[in-house]
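Engineer: here are the coordinates; sequence isn't available:
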Ligand code: ADP
Ligand code: MG
């Protein structure tokens with residue numbers, strides 16, 4: 001059965017999109033069937049892997065609020081993750097449109113993704129940098145959430161809000177939602193700050209923090225301009241090694257869960 005993972009943190013610039021693209025690719029290179037859902041109106045994840053080159057009639061917006069089925073909005077690519085539901089600026093109005101719905105507005109994405117859930121091993125959702133209805137929809141559709149935390153000043157700021165949003169979604173819409181893991185991003189071993197932030201995050205989240213962490217790596221920021229994932233752009237980079245290691249961790253923990261179930 002497929003697993004839906006939301007990559008969420010309402011802060012911008014913490015590595016959500018970079019993680020969505022490269023974790024999806026890492027899982028795909030390990031033989032998993034992966035769909036990446038771009039759920040940010042900025043459409044960075046779609047652009048970063050070349051899924052927004054031509055204008056699509058069906059994006060995640062039409063899936064969310066129109067009659068379009070999720071499977072009919074899937075764009076096939078030559079490079080992993082191979083299957084993407086793209087987003088563009090149309091999605092920016094979705095929050096307001098959904099606000100008018102009185103019932104069921106939190107479950108719109110969930111209801112659409114359920115239909116294709118079993119066609120994939122993993123569905124990765126790149127969330128927008130806000131805690132509005134789009135985020136609620138992503139968290140309601142997801143089985144679990146990965147929280148990227150940038151190893152910078154104020155890393156933990158805002159996490160309290162995110163965790164209370166997660167709890168609210170668990171209580172009201174999606175009791176099965178779990179925290180898949182906390183991912184340290186843009187780690188720079190040369191700076192005392194990165195090391196301190198890492199210690200603080202591990203102290204707080206304990207074993208929920210991935211052993212794999214993502215170093216600050218220029219190749220990771222360059223790859224999207226070539227419409228490549230880190231694995232095509234520079235497979236020997238530290239960034240590629242880190243995302244490959246994360247993908248293995250994600251697969252291992254899913255297998256452990258499946259064995260328990
Ligand atoms: P978010 O989706 O949370 O806003 P992004 O993934 O878009 O964050 O990352 C923000 C910026 O930082 C982008 O320009 C991206 O290329 C860059 N970036 C992300 N992760 C890394 C990293 N590990 N090393 C260097 N640059 C990174
Ligand atoms: Mg982003």
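Structural biologist: Yep, that arrived. The structure presented is a predicted model; accordingly, all values stated were derived computationally and were not measured. Numbering: from 1, shown residues only. Ligands and ions are numbered 1, 2, ... in the order given.
Engineer: how about the residues of the chain near ligand 1?
Structural biologist: The interface of the chain toward ligand 1, taken as C-beta under 6 Å from any ligand atom, is made up of 12-18, 44, 129, 185-186, 214, 216-217, 220-221, 239. C-betas here are computed from N, CA, C, even on glycine.
Engineer: which among those end up buried?
Structural biologist: 14-18, 44, 129, 185-186, 214, 216-217, 220, 239 (16 or more other C-beta atoms under 10 Å).
Engineer: okay, and for the chain, where does confidence drop off?
Structural biologist: 54 (pLDDT under 70).
Engineer: contacting residues around the residue in it positioned nearest to ligand 2?
Structural biologist: Proximity of the chain to ligand 2 (C-beta to the ion) peaks at residue 17, 3.3 Å away. Residues near residue 17 by C-beta atoms under 8 Å, 6 or more residues apart in numbering: 40, 44-45, 48, 126.
Engineer: one more: residue 138?
Structural biologist: For residue 138, the contact set (C-beta under 8 Å, 6+ apart) comprises 6, 8, 39, 109, 125, 127.
Engineer: can you say which helix or strand has it in it?
Structural biologist: helix 133-141 (DSSP states H and E).
Engineer: briefly note if the helix or strand following that helix comes near ligand 2.
Structural biologist: Next helix or strand after helix 133-141 toward the C-terminus (DSSP H and E): strand 144-150. No - counting by C-beta under 5 Å from the ion, ligand 2 has no neighbours in strand 144-150; the shortest distance is 9.7 Å.
Engineer: picking that back up, narrow the buried ones among the residues of the chain next to ligand 1 to those in strands?
Structural biologist: With DSSP state E as the criterion, strands contain residue 185 from among those.
Engineer: before we move on, the earlier item: state the pair within the contacts of residue 138 that is farthest apart.
Structural biologist: Distances among those were taken as C-beta to C-beta; the most separated pair is 8 and 109, at 13.0 Å.
Engineer: the longest helix in the protein is where?
Structural biologist: helix 238-260 (DSSP state H).
Engineer: ok, and the closest non-adjacent residue to residue 10?
Structural biologist: Distances taken as C-beta to C-beta, 6 or more residues apart in numbering place residue 131 nearest to residue 10, at 4.7 Å, with adjacent residues excluded.
Engineer: and the one you found, how far is that from residue 156?
Structural biologist: 16 Å (C-beta to C-beta, to the nearest Å).
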